[in-house]
Every structure is written in structure tokens, then in C-alpha cells.
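predicted model and sequence follow; I will ask about them next.
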Amino acid sequence: MFSVSLAAVHPLLTADTPVYCFDVAHVLAHQAPVSTVWESGHILWRPLAYFGYPLIALIPDSAAWTPALKIWYGLTAINAISGLIATLLLYSLFRRLAGSMIALIPTAVFVWSYSVLMYSRSGTAYIPGLAVLVTGIWWQLHARSGRRTTIYGPAILFGLAALIWLPYVIAIPAACCLRRFVQFPDEDAADPRMSWTQILAAAITAGVVVAAGVTAASLLAGVDSLSSAVAWLTAAGHGMRQNRQALRIVTGSSRLLLDLGWDGVYLKRFVFHDPYHPVSAAKLIGYSLWKIGCFYLFGAAILWLAWRSPAGRRTLAPLAIIMFPALFVAVVVFEPSSPERFLPVLPFLLLSAAAGLANPQAPRIAWAVVCLFAVSLPAMNYRGMVGMYRDWHRHVTSQAGELRASTSPGDGQILVNMQEPLQQVGQHPWDPLNRAGTINVFWAVNEMDVNARLWPARVARHVLDLWSEGRAAWVEKLAMADTPDDSLLWVEGDNPQLHWRDVPSFFRRLEFDRDTGGADGFVRIAHSANNEALFRSLAQ
């Protein structure tokens, strides 16, 4: 099921994969110090690529023609294998809880979930970390009670999961106590549950693993003071921070299982009363609310099923232990729009689903809701996992053809924001468009930047850098329109620091000397005295 599903999809996004691959490639090329691979949020991930590069380098040049692409290839392969391992181990747990046939339902939800399929086709750390976490859970629940390996072996894996991706640390308390609450029907009732003393020992062990890993990585990264430690720990956020966090959790949590595409944009346009692209309540329901409603109905059905089952009720304790911290951390520490924030919750949620579905007296309505949601996931996620890529590629191919005819290799293209199709070319390194050397994009406005209002200075510095290298800078014509084009996915009011009127006002001040043609084409920023003076004043 997993292998076929993974081969069938083509997600539009691969998250931060390019960042990891090019960072490691720069270190390998001695363009950056080795200390930079020790990043606080993904402590073991970049080092895995760096120290494993001799093996990754065996990938033929015909398949991956640069070191960065070889790393991309290797990390993506690790993700695919990790997703398969997690699927097999979870099915093993579900089968012991509910039987072979019923176990297929939560397994299908896991495999067909948006976050699992998308990230299994990426080079990110999320799925490998999840696989290590699930391996620890499987080991703890299958091992005989009372043995030290049952306590300390899984705990070490829980700590390693957090070192692969640090937010998995919130899963440690729930994972360490699973064996106290989860009991398989075929298990000897006299088999003792884990005591609270053993659970505490496991949690301390996992904590020691995390603390040792973080300490070692910080020293290798060159941290030598409290201020540098704070800077190192916060650097993993890349300066990204959204506003109205609690509101964003409504759509962010549902993205764990569902691809909402750009439906979240329509929701924000409705909530913020976007004057450029007004969205009515009726349209909003048709765009995305029905999907979000399905997700929360599915979650409620799982809780109902689990509560009505003695075995299911026991699984609700570890689910609560991780769910509330996950929601808190997503809102207060990170940002809740990205689905990976809730990946640590997924195994625990599906364990509750399996236990609840196994109950012969389970409420039929809740049973039907869970089953219907599971079988509907491929249809609900098809657009984002397959269809959007096809539409995107047609649009980008046309734009790239115009650029190739008018620009020189190495020239830079300035887009309004990061959601635009031309920006997503970098998420697909094997696309022939990348080999042509035509695409070198930079997005002007970063809505998630804590200093988003300073975007003109970012543009100025970027253009000056291009000119210093003898390259030209082109800006898309859509940036000078009175109204943001719908394709830009602009939401007026999403970030209080940003207003569309400032975008065309800035770019219209510039002088241009060439045009690629077409309504969605580009104009070249003239390397004139007036433009240079403006950019230097902004870049200071």
C-alpha cells in the first residue's frame, strides 16, 4: 500500500529539502565550515548527509549531476524507506490491537495522510524521526515487561527521534508510558504493566540522550557563551514567525491528514476581509471548510470510539499527554500552519482509532465516519498530491520559455512571494528547467519574516549583489499591478506589517530597460545611476 501510493504521487512542495542539501554541499565544497552542519533543530540530519556522503557519492552522475542533487537523492531515499518502516510497524501494532482487517483502516489513514506522503517524497527529517519514534513504540509494546531492554532500549530511540527533529521531544512522555496503558487482547492479563518508576527511568534516559546530543552538537557548532547558545537554538527557526497563531491552528492541524492546497488562502481572505479578493461564506464552504469539517468529524469519531471501548479509553491517556503539549508548542513556540508540527501526535491518535474500532459494541455512526474518511483520503488529497503539479508545470514551462528567450544565464528573477509557481522549480531539482540554468528566483516579500516590513531592503541588497556579479535583475510585471493577481495568493491583512499598495509603489519607482513580453512576463531593472542610488540607500 505505502510503496504504490508513494510512487503514484508527485507533491508540489518538498519543504526545506533544498536548504539541507545545499548547506551540506557548501560544506563539502569548503564554502562553509563543518560546524554549520550541527544545526539545533535537526541535530543528526545534516551530519547524516555530510558523513554519509562517500556512500551517497556512488549515485551515478547521470541520475544526480551535482553533489547537492546526490544528497537530495540520498535523503529522499532515506525518507521513503523510513515511511515504509513506520507503516509496517504501525500495522503490526494495529493488527495486535484490532485484527488484520480492521488494522487496515488506521494504516490506510497513515499511508494516505497528506503529511506522510508529502514528506516521504522529500529530504526532510520529519519521517525518519517519526520512524525512529514508531520503532521505539513498537519495541516497547512488543517486548516482555520487566526487562531492562523494555525500559531503556525504546527510551534511547525516543531520544534519537528528537535528535533527528527536535520537536519530537514532546512525544517522549507519552511514548514512555504507552506500555502502562496499552494492552493487546492476546497478551497475558497477568503480565505487569510498566510502573511509574520505570516510566520515569525511561523518560530520564530519553532526556539524557537528547541533552547529550544537544550539548555535543552545540560544542561542535562552536557555541561558547550563553548568547551564542541562544542564537544557535533560535537559528533553526530561520527568522520565521507568523501572527494570530491560535487562529491558524484550525487549518494547520487538519493539514496533518488533508491537503488543503491553497484553500487556507481563501479562509484567510474571508477572515481578514481581503478587499482585493473578497470571499463569501458560501464560497468558503465550497473551497475548504467541508474538508476541515471532515477532519474534525473524523477526530471526534475516534475519540468517541475510544471512549466507548475499555481498551480504547486506556489509549486516551497517552494521546492527551502528547496532544495538549503539541497544540501549545505549535501556537506558542513554532507556527501551527505546517503539518509536521502535529506529526508526533499521529501514531497515538491512530492507536486510539485501532483500539476503538476493535470494540464489537462500537457506535456504528462513529465506525462509519472513520472508515469513510479513510477510504476518501486519496480522493480528497488527489488535487494537491498529483493534479497541482501538472498544472504548475504547464505554467512554469511557458514562463521559463519566455525568460530563456530574453534573459542571460545567471540573471535573477524577482517574484512577489514564495508561493508562486516559478519559485517552486527549486523544489524539483531533476526538472529539465533547472538544468537549463534559466531559473534563479528571489521572492521579495516574506510574509513569515519577523521583519517582513523591511522587504524593500532585502530586494535592494539582492539586486546590488546580482550587479556586483555582472548579472541582471528582472522583476515580474505582476508586482506593479494595482490589484494583486489571484495567482500570487496574496492575502491583505494576513501580516499587519504588509500592505499590497506598498509593493507596486516600490517597484514603479524603478527604471527598466527591457521586457520579456506577456502580461505575466518580466522587466529588467536598469543598472542606472538613479536605481543604484536608491538601492544603496535602502540597503544601509
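Now that the structure is in, tell me what you want to look at.

list the beta-bridge partners for V475.
Counting by DSSP bridges, V475 is bridged to I414, V523.

top helix in the protein by residue count?
helix 67-98 (DSSP state H).

give me the angle between the helix or strand just after that helix and helix 67-98.
Counting by DSSP states H and E, the element after helix 67-98 in chain order, helix or strand, is helix 100-112. Counting by axes from the mean of the first three to the mean of the last three C-alpha atoms, to 10 degrees, helix 100-112 points 150 degrees away from the direction of helix 67-98.

quick check: I137 vs L97, distance?
Noted for I137: a distance of 12 Å to L97, by C-beta to C-beta, to the nearest Å. C-beta here means a position set from N, CA and C on the backbone, and glycine is covered the same way.

what about the nearest residue to H42 once chain neighbours are set aside, how many neighbours?
For H42, ignoring the flanking residues on the chain, the nearest one in space by C-beta to C-beta, 6 or more residues apart in numbering is A125 at 4.5 Å. Neighbour count for A125, taken as other C-beta atoms under 10 Å: 31.

contacts only, for A125.
Shown in contact with A125 (C-beta atoms under 8 Å, 6 or more residues apart in numbering): 20, 42, 44-45, 164-165.

show me where pLDDT drops low in the stretch 251-400 of the chain?
The model of the stretch 251-400 of the chain has pLDDT under 70 over residues 331-337, 387-389.

can you pull out the strands in it?
Per DSSP state E, counting those that start in this stretch, the stretch 251-400 of the chain carries no strands over any range.

the longest helix of the chain packs against which elements?
Applying 3 or more C-beta pairs under 8 Å, 6 or more residues apart in numbering; DSSP states H and E, one finds that helix 67-98 contacts helix 2-8, helix 17-28, helix 45-51, helix 53-56, helix 100-112, helix 114-120, helix 126-142, helix 346-357.

output the contacting helices and strands for the last one.
Spelled out, it's helix 346-357. Counting contacts by 3+ C-beta pairs under 8 Å, 6+ apart, helix 346-357 is packed against helix 67-98, helix 100-112, helix 126-142, helix 290-307, helix 310-332, helix 364-382.

distance to G222 for these - can I get that in CSV?
Listed next are the helices and strands packed on helix 346-357 as CSV, based on distance: least, C-beta to C-beta, whole Å:
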stretch, distance to G222
helix 67-98, 23
helix 100-112, 40
helix 126-142, 25
helix 290-307, 43
helix 310-332, 27
helix 364-382, 43
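
so of those helices, which one's packed in deepest?
Greatest average neighbour count among these goes to helix 126-142 (a mean of 25), per mean count of other C-beta atoms under 10 Å.

does anything pack onto that helix? Which helices or strands?
helix 67-98, helix 114-120, helix 148-164, helix 172-176, helix 178-181, helix 346-357.

apply 10 Å and report the result again.
helix 45-51, helix 67-98, helix 114-120, helix 148-164, helix 172-176, helix 178-181, helix 196-220, helix 346-357 (3 or more C-beta pairs under 10 Å, 6 or more residues apart in numbering; DSSP states H and E).

tell me which of those lies nearest to L130.
helix 67-98 (5.7 Å; C-beta to C-beta).

centre of the chain versus the closest one, how much separation?
Its chain's C-alpha centre and that of helix 67-98 lie 16 Å apart, by C-alpha atoms, centre = their mean, to the nearest Å.

ok, back up a step: between I137 and L97, which contacts overlap?
Listed as contacting both I137 and L97 by C-beta atoms under 10 Å, 6 or more residues apart in numbering are 182, 351.
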